[in-house]
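> Have a look at this prediction, sequence included:
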Amino acid sequence: MHPKQKKKLEEKKIAKERIEELFKLAEDAFVKHPKKAHRYAKLIRKLQLKYKIRLPVKIKRRICKKCDHFLKPGYNCKVRSKDGKLIIHCLDCKNMMKIVYSK
């Protein structure tokens, strides 16, 4: 493997670890410091775009695609299921994310 490829793989690995850590911090900080949690979510999105990383589903569904805010059901988002779709409604920017699921 070429040295540049090794370096890129190592950078992606570090970025993935950082994303996981930031997500844990955002979950812990949301209730007391929501602005911190939103900042962590923005950093997650920034790392994802910079290193072209695919986010795990558990993280992807907890960050609003429009305003990059951390979503916590019952606090700043509504989660509903209707007609085979999961609808996540961000209460900060009024954005709706629809996710199709099979029964």
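Good, I have the coordinates. Numbers count the residues shown, from 1 in each chain.
> Show the subsequent helix or strand relative to the host helix or strand of Ile44.
Assigned by DSSP states H and E, Ile44 belongs to helix 34-51. Of the helices and strands lying after helix 34-51 in sequence (DSSP H and E), the nearest is helix 57-60.
> tilt between the longest helix along the chain and helix 34-51?
Across the chain, the longest stretch assigned as helix under DSSP state H is helix 3-29. Angle of helix 3-29 versus helix 34-51, following axes from the mean of the first three to the mean of the last three C-alpha atoms, to 10 degrees, is 160 degrees.
> Quick one: neighbours of Gly74, just the number.
The tally of other residues near Gly74 (other C-beta atoms under 10 Å) stands at 7. Quick note: C-beta positions are derived from backbone N, CA and C, even for glycine.
> ok now do it, which residues does it touch?
By C-beta atoms under 8 Å, 6 or more residues apart in numbering, the contact list for Gly74 is empty.
> Kindly report the same for Arg18.
Neighbouring residues of Arg18 by C-beta under 8 Å, 6+ apart: Leu47.
> how far away is it from Glu11?
10 Å (C-beta to C-beta, to the nearest Å).
> same check, this time on Lys85
Distance, Lys85 to Glu11, using C-beta to C-beta: 36 Å.
> hang on, the earlier thing: next, the buried residues of the helix holding Ile44.
34, 37-45, 47-48, 51 (16 or more other C-beta atoms under 10 Å).
> What of stretch 88-103?
Buried-residue list, stretch 88-103, by 16+ other C-beta under 10 Å: 88-90, 92, 97.
> Closest one of the residues you listed to Lys66?
For the buried residues of stretch 88-103, the closest approach to Lys66 (C-beta to C-beta) belongs to Cys90, at 6.9 Å.
> For the helix holding Ile44, which helices and strands make contact with it?
Secondary-structure packing of helix 34-51 (3 or more C-beta pairs under 8 Å, 6 or more residues apart in numbering; DSSP states H and E): helix 3-29.
> Now find how far off-centre the helix it packs on is within its chain.
Mean C-alpha position of helix 3-29 versus that of the full chain (C-alpha atoms, centre = their mean, to the nearest Å) differs by 13 Å.
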